[in-house]
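Colleague: sequence? don't have it. structure:
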């Protein structure tokens with residue numbers, strides 16, 4: 001028997017989670033036995049490194065995805081698959097085999113992940129982010145309106161924000177030090193006399209796991225720096241954030257205006273010229289009231 005019928009959305013989501021789970025296992029197997037190579041310079045002159053763990057995890061994910069979805073295009077971070085190309089019209093995947101390579105090289109105990117997103121043309125359909133150290137997975141399937149947090153033992157819980165906690169009772173997560181904030185409004189959010197948030201935390205390793213702290217409710221917002229975002233970084237966090245109802249707001253450098261940022265998914269990089277504030281849509285009234293007081 002060769003015809004097993006059409007694959008439904010739940011099956012697609014399950015296979016994506018399995019691809020990320022196997023990547024996590026592969027990365028863990030390389031934790032204390034890997035080779036690192038400099039491949040260029042990252043932001044602010046930092047060295048951009050790739051390791052044998054990156055390549056091994058990508059090989060595992062791409063082999064599985066190619067077998068399971070033979071007609072889909074794969075755009076991945078390492079090697080030839082990272083080349084920019086015309087936007088696919090059909091199904092395509094973005095693959096970040098090891099999100100937080102710098103943390104991995106330092107042998108850190110946190111901030112090391114793996115990310116996968118599925119698109120149809122410019123639309124993100126599903127996304128998965130995995131944590132190498134805790135082996136937790138954050139995932140949403142095609143058509144789903146929920147994000148689930150799945151433990152290393154396979155127990156799943158739907159994620160939702162605590163609507164009783166105001167932003168001024170919660171912390172905001174920064175990707176850079178507060179001194180790197182590039183607008184007066186962004187600085188006022190975290191350092192002003194009447195801040196939007198209670199306090200600041202800074203985490204600069206895996207962007208996916210940083211955003212997971214927002215999805216879990218550990219922080220009330222995230223401030224992302226202006227930069228060129230690669231598809232394997234951006235698409236998974238857009239897919240999971242949108243599924244939970246989070247908004248991305250550009251904080252204009254000159255005027256301080258807050259405008260909604262909703263880029264289309266593309267195999268090439270997407271640039272934000274301004275810092276990005278990520279908060280839940282139910283917090284927009286609080287953000288508007290705070291902005292009016294400024």
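Modeller: Happy to help now that I have it. Note that the structure is predicted; figures quoted are calculated from it, not measured.

Colleague: and the gap between residue 178 and residue 4?
Modeller: Per Cβ to Cβ, to the nearest Å, residue 178 is found 54 Å from residue 4. Heads up, the C-betas are built off the backbone N, CA and C, glycines and all.

Colleague: I'd say residue 291 and residue 258 touch.
Modeller: Yes. The criterion here is Cβ atoms under 8 Å, and residue 291 meets it with residue 258 at 6.5 Å.

Colleague: quick one: which of these two has more around it?
Modeller: The residue with more neighbours, out of residue 291 and residue 258, is residue 258; 18 against 15, by other Cβ atoms under 10 Å.

Colleague: who's the more buried one bridged to?
Modeller: The residues paired with residue 258 through beta bridges, assigned by DSSP bridges, are residue 251.

Colleague: distance of it from residue 251?
Modeller: Residue 258 sits 6 Å away from residue 251 when distances are taken as Cβ to Cβ.

Colleague: same question, residue 224
Modeller: 10 Å.

Colleague: ok, those two, which is more surrounded?
Modeller: For residue 224 and residue 251, the more surrounded residue by other Cβ under 10 Å is residue 251, and the numbers stand at 27 against 24.

Colleague: verify the stated contact: that one with residue 186.
Modeller: Yes. The criterion here is Cβ under 8 Å, and residue 251 meets it with residue 186 at 5.0 Å.

Colleague: intersection of neighbour lists for residue 291 and residue 258?
Modeller: By the contact definition Cβ atoms under 8 Å, 6 or more residues apart in numbering, residue 291 and residue 258 are jointly contacted by residue 185.

Colleague: just to revisit the earlier point, shared neighbours of residue 224 and residue 251, anything?
Modeller: Here residue 224 and residue 251 share the contacting residues 275-276, scored by Cβ under 8 Å, 6+ apart.

Colleague: so residue 55: helix, strand or coil?
Modeller: Local secondary structure at residue 55 is given as helix here, using DSSP: H, G, I helix; E, B strand; the rest coil.

Colleague: next one: residue 32
Modeller: The local conformation at residue 32, judged by three-state DSSP, is coil.

Colleague: which non-adjacent residue is nearest it?
Modeller: What sits nearest to residue 32 in space, not counting adjacent residues and going by Cβ to Cβ, 6 or more residues apart in numbering, is residue 107, at 7.4 Å.

Colleague: with residue 207 instead?
Modeller: If the residues on either side of it in the chain are set aside, residue 207 comes closest to residue 233, at 5.5 Å by Cβ to Cβ, 6+ apart.

Colleague: and for residue 120?
Modeller: Counting by Cβ to Cβ, 6+ apart, the nearest residue to residue 120 once its immediate chain neighbours are dropped is residue 91, at 5.6 Å.

Colleague: I figured that neighbour hits residue 68, correct?
Modeller: No. In this structure, residue 91 is not within contact of residue 68 by Cβ under 8 Å, at 11.2 Å.

Colleague: stretch 193-210: end-to-end distance?
Modeller: Length of stretch 193-210, first residue to last, Cα to Cα, to the nearest Å: 26 Å.

Colleague: thinking again about what came up before, pull up the overlap in contacts between residue 251 and residue 186.
Modeller: What both residue 251 and residue 186 touch, as defined by Cβ under 8 Å, 6+ apart, is the set 275, 277.

Colleague: what helices or strands is the helix or strand bottoming out on mean pLDDT in the chain leaning on?
Modeller: Taking mean pLDDT, DSSP states H and E as the measure, the chain has strand 36-41 as its least confident helix or strand, at a mean of 79. Other helices and strands packing on strand 36-41, by 3 or more Cβ pairs under 8 Å, 6 or more residues apart in numbering; DSSP states H and E, are strand 47-51.

Colleague: check which helices and strands the strand it packs on sits against.
Modeller: Packing partners of strand 47-51 (3+ Cβ pairs under 8 Å, 6+ apart): strand 36-41, helix 101-105.

Colleague: try 6 Å
Modeller: The helices and strands touching strand 47-51, judged by 3 or more Cβ pairs under 6 Å, 6 or more residues apart in numbering; DSSP states H and E, are strand 36-41.

Colleague: what sits up against the strand it packs on?
Modeller: Contacts of strand 36-41 from elsewhere in the structure, counted by Cβ atoms under 6 Å, 6 or more residues apart in numbering, are 47-51, 105.
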